[in-house]
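# Sequence and computational prediction follow.
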Amino acid sequence: MSFEQIAERPRHTIVSARVSPMVELTRWLFERYRISYHEEPHVPILHVLATRRRGGGVEVPVVVGPEGVWAGARDVLNGLDAKSRPGQRLYGEEEGGRTANRALVDRLLDLLLRTVRRYVYAQVLPLKAVLYPVVVDGAPAWERAFVYLLYPLWRKLMGRGLELTPDLVAAARTQILAACDVVETELAKRGTRFVGGAEPGVVDITFAALAAPVVFPPRYGAKLPALDALPDELKTFVKQMRARRAGQLLFDTYEAARPQPQAPMAARGSGRPLSSLLLGPWLQRIAAKAAAWYGRVIRIKGFALASRWDDVEDILRRDLDFRIAPINGARIDEVNGPFVLGLDRGVQMAAERPQLYVAVSAIDLVGVRDLVAREAERLLDDAAAAHGRLDIVNGYARLVAARAARQIFGLAGPTETDLMRVIRAVFHHTFLNLGGDEQVRERALAAAEELRRWFLEEIAGRHRQAIKRDDVIGRLLALRGKYPDALDDDGVRRNVAGLLVGSIDTTATAVGKIVRMACADDVVLARIERDLDDPQRMVGWCNELLRMWTHNPILLRRAAADVELGGTTIAGGSTVVAFTQAAMFDPNHFSDPGRLDPTRSATLYRHFGGGLHPCAGRAVNDVQIPELVRRVLKRGISQVERPRYDGPFIDELVVSFRGSRN
């Protein structure tokens, strides 16, 4: 299965002229970070109708995303840098290096952004047969017809837009050569193959993409004219460029760092599917309240539903009567191998669960809080400075949760997007694919194979280099010799992967739903804002708001034999539904259940399981989720847009800020 088949749906649209070197730079960076996108190509100069309509200016690309518009190359570079994780930031990590790289990129943009287009178009505009197939690539039919039928007019418009006067065209050639001097000087000063060192960095990639139309690398991401069809002056200039050290840098950068271009992907739909109503808070809460009011165990053929708090607790506690393996075990086994959330009591559970809990209990919660605070503030600061809008799911909570998971568990994935994509695909099938959707299963199996490879490479590298790290992988490896049945490498992989799969989307979903419910009522929001600096009450608020729109309203078990529950006999083999959200509206345990009360006992909530199978990361959840919620609410939210969904996941929730709070 290819990347495009298992990639997440595009959240960004690149409004482009495909041949444009600035668009090539944007495609390259999106593909380097493995961010899927929809490209909307237009004919040069005619593209202005589309870019202005999308809120940009006259330049391509214009990137339209949930949080607003990135207009032009600098916006794209700065936007990707702001969203990237530590260790993969576009401009680098250390402040001095970041400043130097940014200055070099700015210099190259000044020298190349308009000049390459001006010089190349000045040479090829007279050659309709050569240029036409290039400029109309992927464009709408009316734009292709306009250029074909009215080529002299289009050529005149292009000449006016690019200011193709003899003096400016000659100056363009000089500036292109000056850009070559800049990168060659840097290479000589650093004594490295690339300006970025042993591997290409942002300076190399920027230069390579912007200068590509005067070097003609074979891996350019869009159509270029045939080299033999170029006019003599341009052909000679291309040969001169290729002979320079800068030309060789460009070829080397394309060879070393240009990813396989993404196949075309359809734009994300803008409609509201019926499933969004079913997944929304209101119907979910109505069903929970109705079930809590009725109270009694309901039997329908091979199903039984329990909604009272005591009955739900009974199901979770009596794990020998109500088994989890028949529900989760098969799906967990096929994508991951055995893991505690798919195991009932037995030899394997007894051997592996204690080791896992020892490794998890040593998580540095203070360190997690510091990382969450640091990354949250960076994302919030950028949002406030840019558009004052933020997608708090994919632009905030999911990113921070992935970075915390990387620190906690010890696995990074090739890119952050890869890690999140794979984790969601596996989570979807393992815990949510109750109907057995084959496409969901196939995506999960392909993703699980990627995840397996990353884990085994990480563990093998630690053995090979004798690396000892204080993370969950490292602690499990260190238990060898302390337990007679210590986990082997694949056992470490299985168990850490099981924890990791549940860590990212659970946090992102919970934060999105909590913020949405917090902002649904101005009076409630004002009450919460008074408690933002009280950690204990913030945990209480998060539990209460999640009760109103929980991330997972039910837990499933299978009756091992005929058994009694709440005075009702349930036949062996029945699927037993523990309606945990309804249990959290049971007036016998939640007095005045419709009222939000952050002082309720934390032991009442069943957001993260219970009994033999509670969420192993619930201590992290109690730190991470309130901290993410607290920091976004401190910025002051003026508007919350309608959520969007990716299957069962809340996938986008854009908020607008009314100003910063100290």
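It's in. Numbering: from 1, shown residues only.

# Could you list the low-pLDDT ranges of the protein?
1-5, 270-279, 659-662 (pLDDT under 70).

# Let me see the domain layout of it.
3-257, 274-596+612-657 (automatic domain parsing).

# which residues in the stretch 201-350 of the chain form helices?
202-211, 232-243, 245-257, 274-279, 281-294, 309-317, 330-335, 347-361 (DSSP state H, counting those that start in this stretch).

# what's the longest one in contact with?
It refers to helix 347-361. Identification of contacts with helix 347-361 by CB atoms under 8 Å, 6 or more residues apart in numbering yields 338, 340, 343, 472, 475-476, 479, 483, 485-487, 491, 495, 499, 616-617, 619. Every C-beta, even on glycine, is put in place using the N, C-alpha and C of the backbone.

# 7 Å instead?
338, 340, 343, 472, 475-476, 479, 483, 485-487, 491, 495, 616 (CB atoms under 7 Å, 6 or more residues apart in numbering).

# Would you reformat those residues as CSV and include distance to I363 and neighbour count?
What follows is the contacts of helix 347-361, written out as CSV (distance: CB to CB, whole Å; neighbours: other CB atoms under 10 Å):
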residue, distance to I363, neighbour count
P338, 23, 18
V340, 17, 21
L343, 22, 23
V472, 7, 25
R475, 9, 22
L476, 13, 26
L479, 15, 16
Y483, 19, 14
D485, 23, 12
A486, 20, 17
L487, 18, 21
G491, 19, 19
N495, 14, 26
A616, 10, 24
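
# Among these, which pair sits farthest apart?
L343 and R475 (20.5 Å; CB to CB).

# Quick check: the gap between the residue lying closest to L168 once chain neighbours are set aside and V135.
With CB to CB, 6 or more residues apart in numbering as the criterion, L168 has its nearest non-adjacent residue at 6.3 Å, and that residue is R118. Between R118 and V135 the computed distance is 15 Å (CB to CB, to the nearest Å).

# Contact partners for F146?
Counting by CB under 7 Å, 6+ apart, the residues that F146 touches are L46, W154.

# hmm, try it at 10 Å
V43, I45, L46, V136, A139, P140, L153, W154 (CB atoms under 10 Å, 6 or more residues apart in numbering).

# Would you show me how to pick out the buried ones of the residues you listed in PyMOL?
Buried subset of the contacts of F146, written as a PyMOL selection, criterion 16 or more other CB atoms under 10 Å:
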select buried, resi 43+45+46+136+139+154
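
# and of the contacts of F146, the nearest to R160?
For the contacts of F146, the nearest to R160 is I45 (8.8 Å; CB to CB).

# how about the closest one, secondary structure?
What DSSP: H, G, I helix; E, B strand; the rest coil gives for I45 is coil.

# returning to that earlier point: closest to H607 among the contacts of F146?
P140 (48.5 Å).

# Need the phi and psi values for the residue nearest to the closest one when sequence neighbours are not counted.
Leaving aside its chain neighbours, P140 sits nearest to H42 (7.2 Å; criterion: CB to CB, 6+ apart). Backbone torsions for H42, taken as degrees, to the nearest 10, come to phi -140, psi 160.

# same question, E652
Per-residue torsions, E652: phi -160, psi 130 (degrees, to the nearest 10).

# Which residues does it form beta bridges with?
Beta-bridge pairing for E652 (DSSP bridges): R644.

# cool, the one 4 residues further on as well?
Here S656 sits in beta bridges with R389, Q639, going by DSSP bridges.

# Is it in contact with I392, as I believe?
No: S656 is beyond contact range of I392, at 11.0 Å (criterion: CB atoms under 10 Å).

# Next, show the common contact partners of the two.
E67, A383, I637, V640.

# The second one is in what secondary structure piece?
This points to A383. Assigned by DSSP states H and E, A383 falls within helix 365-386.

# and L343, backbone torsions?
phi -110, psi 140.

# ok, now G567?
The phi/psi pair for G567 (degrees, to the nearest 10) is phi 80, psi 10.

# ok, the residue nearest to it when sequence neighbours are not counted - how many residues close by?
Nearest non-adjacent residue to G567, counting by CB to CB, 6+ apart: V297, 7.5 Å away. Look at V297: counted by other CB atoms under 10 Å, it has 21 neighbours.

# where's stretch 231-238 relative to the chain centroid, distance-wise?
44 Å (CA atoms, centre = their mean, to the nearest Å).

# Flag every buried residue along that stretch.
Here stretch 231-238 shows L234, F237, V238 as buried, counting by 16+ other CB under 10 Å.

# which residues in the stretch 51-200 of the chain form strands?
Using DSSP state E, counting those that start in this stretch, the strands of the stretch 51-200 of the chain run over 62-65, 68-71.

# Adding distance to E255 and mean neighbour count, write those out as a markdown table.
Below are the strands of the stretch 51-200 of the chain laid out as a markdown table (distance: least, CB to CB, whole Å; neighbours: other CB atoms under 10 Å):
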| stretch | distance to E255 | mean neighbour count |
| --- | --- | --- |
| strand 62-65 | 26 | 24 |
| strand 68-71 | 28 | 21 |
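
# out of those strands, nearest to E449?
Going by CB to CB, the one of these nearest E449 is strand 62-65, 29.8 Å.

# The helix holding A383 packs against which elements?
strand 68-71, helix 73-83, strand 389-391, helix 398-409, helix 618-634, strand 654-657 (3 or more CB pairs under 10 Å, 6 or more residues apart in numbering; DSSP states H and E).

# and the residue lying closest to L109 once chain neighbours are set aside, how far is that from V422?
Distances taken as CB to CB, 6+ apart put A73 closest to L109, at 6.0 Å, once the chain neighbours are dropped. A73 sits 30 Å away from V422, going by CB to CB.

# Likewise for G97?
When G97 is compared with V422 (using CB to CB), they lie 30 Å apart.

# When the two are compared, which one has more neighbours?
Remark: of G97 and V422, V422 carries more neighbours, 26 against 13, as counted by other CB under 10 Å.

# Quick check: D382 touching R89?
No: contact between D382 and R89 fails when scored by CB under 10 Å: they sit 11.9 Å apart.

# any shared contact partners between the two?
Common neighbours of D382 and R89 (CB under 10 Å, 6+ apart) are D81, A82, K83.

# these two touch, right, the first one and L90?
Which is D81. Yes: assessed by CB under 10 Å, D81 is found in contact with L90 at 3.8 Å.

# Have a look at those two and say which one is more surrounded.
Using other CB under 10 Å, the more surrounded residue of D81 and L90 is L90, with 24 against 19.

# what would the domains of the chain look like in CSV with distance to L604?
Output for the domains of the chain, formatted as CSV (distance: least, CB to CB, whole Å):
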stretch, distance to L604
domain 3-257, 35
domain 274-596+612-657, 6
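
# now the longest helix along the chain against helix 398-409, angle please.
Taking DSSP state H as the criterion, the chain has its longest helix at helix 438-465. For helix 438-465 against helix 398-409, the angle by axes from the mean of the first three to the mean of the last three CA atoms, to 10 degrees is 40 degrees.

# Skipping adjacent residues, who's closest to R258 in space?
Per CB to CB, 6+ apart, closest to R258 is R219, 4.9 Å.
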